[in-house]
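>>> what shape does this take:
(one chain, ligands or ions: 1)
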Amino acid sequence: MSIHSRKNSHIQICLKESVQSETMNGFEKYRLIHEALPEKDFHKFDISTSFLGKKISAPLMISSMTGGTESGETINRHLVEAAVKEQIPFAIGSMRIYLEQNRLSELRKLRDHAVAIPILANIGAVQLNYGLKIDQIKQIVDSVEADALILHLNAIQEVFQHAGDLNFSDLLRKIEEVRSQSDVPVIIKEVGFGFSVETAGKLREIGIEWLDIAGAGGTSWIKVEVARDRSEFTHKMVAPFYSWGIPTAISLARIHQAYPDMNLIASGGIRNGVEVCKAEYLGAKLSGIAIPLLKPALESAEAACKVIDQFKFQYRTAKFCSSGIESI
Ligand SMILES: Cc1cc2nc3c(=O)[nH]c(=O)nc-3n(C[C@H](O)[C@H](O)[C@H](O)COP(=O)(O)O)c2cc1C
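You can find the predicted model right below:
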């Protein structure tokens, strides 16, 4: 199956089937400390922040999802429009199709529509073992004048993917090479299984300053891959993996405690603005949302904005009425 039809079927499965991880995202283990005396005016309460040197309206971003397929194009167009209206960062899904099909120039229009917001380029780190060269990474970054490059790590997804790319050897050294030659910050991201403190430490040692946790508790890429190719695995074989991964809040809190100087993005199962507020108290600079925006973005930019507005209202309220966080 070509990468093009695989990406299309990923979108269809995420739209139609239950792909929710069977572990919780970990935020349920924390409670915001209610503030009875906020001492500020709700209407004048500023929730804007900055990310990669640009002002954004709230600590929220649209996580990498799609690109290069027909439905992906519509979704991306609506998502970028929503990101501009809402003034929040937009991360493009894997740009491999554009690179392999010589279509990177098509992405220029995304940047033309979104001059002021951070745009993040994205490609799988494992591709560095399958012919991806540093000058090609520079091309994907340049194609959208990306503010940062996301290299995603998806080892367990590849195991469950039919004919997945499974050679993950020597990647730390190759990631270091990319980082040392990159003109923009390199963000290392999971796709729904999180990072341990040890792995975060290894990445920090090679100069990585940004991690996107993408922990467990949201979209399960094992469920997505198995739904795509039911013949290959029996339910009995895969079922123990449906709760695989480090829950987002746990991964985030542990890494922030070990390395307070690392810049962390909380994502993976973030489903409301209260969780965005909890993530901030646990050390995240911002939170990323993926699947809650997929269906709305297929419909229209306005539908995606509505979801983002709901997150913003919930975050604003939670921040206004809280003074900290405690574990339950
Ligand atoms: C349809 C779809 C496509 C995705 N494609 C990518 C991708 O190309 N690159 C990537 O780093 N993550 C990709 N992801 C993973 C998300 O960025 C995110 O890490 C993950 O879905 C967990 O967040 P969620 O629980 O809010 O969905 C994709 C997610 C979805 C739903």
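
>>> my guess is Val224 contacts Ser18, does it?
No - contact criterion CB atoms under 8 Å: Val224 and Ser18 do not qualify, at 10.5 Å. Placement of C-beta: from N, CA and C, glycine included.

>>> of those two, who's got more company?
More neighbours sit around Val224 than around the other of Val224 and Ser18, counting by other CB atoms under 10 Å; the figures are 21 against 8.

>>> state the helix or strand in which the residue lying closest to Val19 once chain neighbours are set aside lies.
In space, and not counting its chain neighbours, Val19 is closest to Lys223: 4.4 Å by CB to CB, 6 or more residues apart in numbering. Taking DSSP states H and E as the criterion, Lys223 maps to helix 221-228.

>>> that helix near the ligand at all?
No - Helix 221-228 stays out of contact with the ligand when judged by CB under 6 Å from any ligand atom, the minimum separation being 7.2 Å.

>>> let me know the next secondary structure element after that helix.
Using DSSP H and E, the helix or strand that follows helix 221-228 in sequence is helix 235-238.

>>> give me the buried positions along that next one.
Neighbour-count burial for helix 235-238, with 16 or more other CB atoms under 10 Å as criterion, is recorded at Val238.

>>> can you map out the helices along this structure?
Under the criterion DSSP state H, the chain carries helices at the ranges 3-16, 70-86, 96-100, 108-113, 134-143, 155-160, 171-181, 197-205, 221-228, 235-238, 248-258, 273-281, 294-299, 301-320.

>>> make a markdown table out of these and add mean pLDDT.
As requested, those are exported to a markdown table (pLDDT from 0 to 100):
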| stretch | mean pLDDT |
| --- | --- |
| helix 3-16 | 88 |
| helix 70-86 | 91 |
| helix 96-100 | 93 |
| helix 108-113 | 90 |
| helix 134-143 | 97 |
| helix 155-160 | 95 |
| helix 171-181 | 98 |
| helix 197-205 | 98 |
| helix 221-228 | 92 |
| helix 235-238 | 83 |
| helix 248-258 | 98 |
| helix 273-281 | 98 |
| helix 294-299 | 96 |
| helix 301-320 | 98 |
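
>>> would you list the ones you listed in JSON lines and tack on distance to Ile62?
Shown next, in JSON lines, are those (distance: least, CB to CB, whole Å):
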{"stretch": "helix 3-16", "distance to Ile62": "15"}
{"stretch": "helix 70-86", "distance to Ile62": "5"}
{"stretch": "helix 96-100", "distance to Ile62": "18"}
{"stretch": "helix 108-113", "distance to Ile62": "12"}
{"stretch": "helix 134-143", "distance to Ile62": "18"}
{"stretch": "helix 155-160", "distance to Ile62": "20"}
{"stretch": "helix 171-181", "distance to Ile62": "23"}
{"stretch": "helix 197-205", "distance to Ile62": "23"}
{"stretch": "helix 221-228", "distance to Ile62": "18"}
{"stretch": "helix 235-238", "distance to Ile62": "29"}
{"stretch": "helix 248-258", "distance to Ile62": "17"}
{"stretch": "helix 273-281", "distance to Ile62": "13"}
{"stretch": "helix 294-299", "distance to Ile62": "9"}
{"stretch": "helix 301-320", "distance to Ile62": "8"}
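
>>> list the contacts for Ile250?
For Ile250, the set of contacting residues under the criterion of CB atoms under 8 Å, 6 or more residues apart in numbering consists of Gly26, Lys29, Gly194, Gly215.

>>> check the second one and give its pLDDT.
Going back to what we said before, that points to Lys29. Model confidence at Lys29, given as pLDDT, is 98.

>>> how many residues are close by it?
Other residues near Lys29 come to 14 when the count uses other CB under 10 Å.

>>> distance check, it against Ala249.
Remark: distance between Lys29 and Ala249 (CB to CB, to the nearest Å) = 7 Å.

>>> just the third one next, same as before
Between Gly194 and Ala249 the distance is 10 Å, computed by CB to CB.

>>> quick check: closest non-adjacent residue to the closest residue to the ligand within the stretch 201-328 of the chain.
Per CB to the nearest ligand atom, the residue of the stretch 201-328 of the chain with the smallest distance to the ligand is Gly218, at 2.0 Å. Of all residues not flanking Gly218 in the chain, Gly269 sits nearest, at 3.0 Å (CB to CB, 6+ apart).
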